Structure formats: C-alpha cells, structure tokens
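> Build me a model:
(chains A and B)
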Amino acid sequence: RKEVEQDPGPFNVPEGATVAFNCTYSNSASQSFFWYRQDCRKEPKLLMSVYSSGNEDGRFTAQLNRASQYISLLIRDSKLSDSATYLCVVTLVNYGGSQGNLIFGKGTKLSVKP
Amino acid sequence: ETGVTQTPRHLVMGMTNKKSLKCEQHLGHNAMYWYKQSAKKPLELMFVYNFKEQTENNSVPSRFSPECPNSSHLFLHLHTLQPEDSALYLCASSQDMGGGGYEQYFGPGTRLTVT
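Coordinates of the predicted model:
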C-alpha cells in the first residue's frame, strides 16, 4: 500500500466552482500534515499546514481525520490561478532525521476553466 | 524568488559523462535535501543533510554522490547515469529544530536528461 495516496485527477472545473481533494495515508504514526502546491514546470510550495481541528485560509479549508487517516482540501470559488497540482504531504513521528522527513503523494491536478 | 537557487536548470548528459548539480540556499536554514521527481511518481527523497552531516540516504545508487561543504551549499555529483535517471532533481532547505516536519523551501530544479 502506498504511503500517501491521492486521486491523480485531473479535476476540470469552471471558475467559481467548489472542489475537494482527498488524501489517505498508511502510517498511523504520522504526525504532521501539509498541502503543497506545484505549478506546471515549477517547484512545490507550501500551501497550508493541516491541523487536527481543521483550518481555513481564505478560500482554502483543510481537514484532518486521524481515525480514518484521511486529509482533505476544499477550495471555494475557484480561480483560474488555482490551476496546479496539489500535493498531500505527511511526516512521521516528530523526531529528527528520517522520522521528520516529508512523504509526498503523487498529487492531484486541478484545471480551472473560464 | 531567490531563496533556493539551483544550477544548471537544464542538463543533457551521456551515460559516460560526469556532471554536478549545484544548490544554494540564502535562507539561513540548517537542513538541505535532494529529491527526484519523475513523471507519474511522487517526489522521492534522496538525501538529507542536517548541519552539514548526512542523516538520510534513501537507498540511492552510488552513481549519485552528494556533497555538502557548508550549510548553504549542496551538490549532487553524477556519473555513469542511466536513461531512467532522467527526471527533475529538486533541492530544498528547511530550518530543522530537531522536530522535523518543517516547511521546506524548494529550488526551481534541474531538468536532467540522460541520453
């Protein structure tokens, strides 16, 4: 079983739509969770961290369900500039070295059309 | 943005060549990373350096040899590569205060093609 699984998409949505991405992780010891964004032919950049209580940043809402080992990202009122690949990322137990390294999913591609 | 720079941006090399990728971070971070990104695969961590010491080598073939002379510079030396090594090689850095899992800042990557 893959460590971090995401629906690869692509998700093709019109401007203004609400879109949700899901991610599951296999290691119950995972401690930290993130969504990164990667534009076409660019490097990944942190979009937001994901907290147990859920968190919101403008049009973006991230949720974590530890019992189900499931993370989600909701984008409301999507913009053309939201078109990118969204990477689900987890780390294991919060120690130094390999336990703290990021484990990436393959990413979900989003394409927002006018 | 110039937080993490990588050179060259594109590289084409034959299987018998020797080349090096360079990464420099201007963020004052103490941890640096090499990743490989191939089509339809997740980012694969290759090497981790923390305070210039290598703390992770993710079963990477010896034809990839990292070097970290100081906390701002990271190199990846390449020799006798295979065509399947063609990929985007990304460098990243973070401020690791012992807990791990901190935001990593990525460079733009080197697009490597092995012929």
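> Check which helices and strands the worst-scoring helix or strand of chain A on mean pLDDT is in contact with.
Lowest on mean pLDDT, DSSP states H and E among the helices and strands of chain A sits strand A:103-104, with a mean of 90. Contacts defined by 3 or more CB pairs under 8 Å, 6 or more residues apart in numbering or on different chains; DSSP states H and E place strand A:103-104 against strand A:84-91. The way it works is simple: take the backbone N, C-alpha and C, and place the C-beta from them, glycine included.
> Please work out which residues outside the strand it packs on touch it.
Strand A:84-91 has contacts (CB atoms under 8 Å, 6 or more residues apart in numbering or on different chains) with A:3-4, A:6, A:21, A:23, A:25, A:27, A:30-40, A:44, A:47, A:71, A:73, A:99-110, B:42-43, B:100-101.
> Which parts of chain B are strands?
B:4-7, B:10-13, B:18-25, B:31-37, B:44-50, B:53-57, B:64-70, B:73-79, B:87-94, B:105-106, B:110-114 (DSSP state E).
> For chain A, find the nearest of those.
strand B:105-106 (3.7 Å; CB to the nearest CB).
> who does the closest one pair up with?
The strands that strand B:105-106 pairs with in its sheet are strand B:87-94 (antiparallel) (by DSSP bridges).
> filter the contacts of strand A:84-91 to the buried ones?
For the contacts of strand A:84-91, a neighbour count by 16 or more other CB atoms under 10 Å in any protein chain shown gives the buried set as A:4, A:6, A:21, A:23, A:25, A:30-38, A:44, A:47, A:71, A:73, A:100-110, B:42-43, B:100-101.
> Kindly report the residues of chain B close to chain A.
Counting by CB under 8 Å from any CB of the partner chain, the positions of chain B adjacent to chain A are B:33, B:40-43, B:45, B:48, B:50, B:55-56, B:90, B:96, B:98-109.
> what's the burial count for residue B:13?
17 (other CB atoms under 10 Å in any protein chain shown).
> Give the residue spans of chain A that score low on pLDDT.
Residues of chain A meeting the criterion pLDDT under 70: A:1-2, A:93-100.
> now the strands: where do they sit in it?
A:4-6, A:11-14, A:19-25, A:32-38, A:44-50, A:55-57, A:60-65, A:70-75, A:84-91, A:103-104, A:108-113.
> Could I get those in CSV, plus columns for distance to residue B:19?
Listed next are these as CSV, based on distance: least, CB to CB, whole Å:
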stretch, distance to residue B:19
strand A:4-6, 31
strand A:11-14, 38
strand A:19-25, 36
strand A:32-38, 25
strand A:44-50, 24
strand A:55-57, 40
strand A:60-65, 40
strand A:70-75, 38
strand A:84-91, 28
strand A:103-104, 26
strand A:108-113, 31
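> Check chain B and tell me which residue is nearest its centre.
Centroid-nearest residue in chain B, with CA atoms, centre = their mean: residue B:34, separated by 2.7 Å.
> Could you verify my assumption that that residue touches residue B:74?
Yes - if you go by CB atoms under 8 Å, residue B:34 and residue B:74 touch, sitting 6.9 Å apart.
> any common contacting residues for those two?
B:23, B:66, B:91.
> For the nearest residue to the last one once chain neighbours are set aside, grab the count of nearby residues.
Looking back up the chat, that one is residue B:91. The shortest distance from residue B:91 to any residue other than its chain neighbours is 3.4 Å, reached at residue B:23 (CB to CB, 6 or more residues apart in numbering or on different chains). Residues near residue B:23, counting by other CB under 10 Å, number 27.
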